[in-house]
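Q: Provide a 3D model corresponding to the input given below.
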Amino acid sequence: MDDTMSSLATKICNQINSVFTNSATPSPLSITVDEISSAAGRGGKIFVHGVGREGLMMKALCMRLAHLGLSAHCVGYMTTPPISSSDLLIASAGPGGFSTVDAICSVAKSNGARVLVLTAQPESGSCVKYASVVAYVAAQTMANDGVTVDGNSPMLLPMGSVYEGALFVLFEMVVYMLVSVLGQNTDQIRSRHTNLE
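A: Prediction:
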């Protein structure tokens with residue numbers, strides 16, 4: 001096995017790229033950009049939630065949404081405001097559902113907010129019943145860990161790493177698109193970055 005840094009990086013990037021070459025229609029990119037820009041247009045707040053490493057990707061998205069000038073909040077933080085009918089919850093449930101994610105989606109829905117669920121299991125996931133819209137991210141998660149491409153060789157990335165890596169790339173594309181949609185420029189975005197570091 002060729003395990004040089006460059007070779008491993010290429011293999012990992014190719015595995016993540018395959019998620020987007022097999023993307024559903026409408027794409028998770030267009031769905032996510034549309035939902036965020038619609039929430040911004042109606043003056044709504046944007047909430048994000050996920051657990052584990054998915055949650056870390058959601059927090060990274062939240063940071064960039066704040067840099068774009070949006071009212072963006074991570075569920076569970078002490079400063080998170082209440083959700084209402086003009087707002088959007090973006091929740092990730094790669095394997096289809098988690099009891100905590102289901103509960104948060106349920107609360108958001110019961111308060112009239114739109115709920116965007118990102119998942120690799122849109123047909124069987126428990127979270128989708130709370131969704132206003134579902135973005136299908138066609139990636140390996142713990143729900144199908146161990147499934148190989150050719151039936152022989154092991155997957156390079158374990159458990160949900162492909163899904164989590166795909167979220168990072170997806171969110172970078174989302175931010176790139178939103179810069180134009182929201183009429184932002186580099187100086188405006190940079191001005192919102194914290195200076196308390």
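Q: Would you tell me which helix is longest in this protein?
A: What stands out as the longest helix in the chain, according to DSSP state H, is helix 161-181.
Q: buried stuff in that one?
A: Within helix 161-181, the residues that count as buried by 16 or more other Cβ atoms under 10 Å are 161-167, 169-171, 174-175, 177-179. Where C-beta positions appear, they are placed from N, C-alpha and C, glycine not excepted.
Q: and what of stretch 27-41?
A: 27-29, 31-36, 39-40.
Q: Restricted to helices, list these.
A: Applying DSSP H to the buried residues of stretch 27-41, the entries found in helices are 28-29, 31-36, 39-40.
Q: show me the contacts for Ile12.
A: 156-157, 165 (Cβ atoms under 8 Å, 6 or more residues apart in numbering).
Q: looking at the protein, which helix or strand does the model trust least?
A: When the helices and strands of the chain are scored by mean pLDDT, DSSP states H and E, helix 5-21 comes last with a mean of 85.
Q: now that helix and helix 161-181, what's the angle there?
A: Put simply, helix 5-21 runs at 70 degrees to helix 161-181, going by axes from the mean of the first three to the mean of the last three Cα atoms, to 10 degrees.
Q: Geometrically speaking, which residue is the centre of this structure?
A: Leu167 (5.0 Å; Cα atoms, centre = their mean).
Q: Which of the buried residues of helix 161-181 sits closest to Cys62?
A: Phe171 (9.6 Å; Cβ to Cβ).
Q: Compute the distance between the nearest residue to the closest one once chain neighbours are set aside and Glu54, please.
A: Spatial nearest neighbour of Phe171, excluding adjacent residues (Cβ to Cβ, 6 or more residues apart in numbering): Leu61 at 4.4 Å. Separation of Leu61 from Glu54 (Cβ to Cβ, to the nearest Å) stands at 11 Å.
Q: Looking at those two, which has the bigger crowd around it?
A: The neighbour comparison of Leu61 against Glu54 (other Cβ atoms under 10 Å) goes to Leu61, with 27 against 24.
Q: pretty sure the more buried one is touching Ile90, no?
A: Yes: if you go by Cβ atoms under 8 Å, Leu61 and Ile90 touch, sitting 7.3 Å apart.
Q: Low-confidence stretches in this structure?
A: Within the chain, the segments meeting pLDDT under 70 span 1-2, 23, 142-155, 158-160.
Q: rerun that using 80 as the cut-off
A: Residues of the chain meeting the criterion pLDDT under 80: 1-3, 22-25, 95, 139-160.
Q: For this structure, just list every one of the helices.
A: 5-21, 28-41, 52-67, 99-110, 161-181, 186-191.
Q: want to throw those into a markdown table with distance to Gly125?
A: Below are the helices of the chain laid out as a markdown table (distance: least, Cβ to Cβ, whole Å):
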| stretch | distance to Gly125 |
| --- | --- |
| helix 5-21 | 17 |
| helix 28-41 | 14 |
| helix 52-67 | 13 |
| helix 99-110 | 9 |
| helix 161-181 | 12 |
| helix 186-191 | 33 |
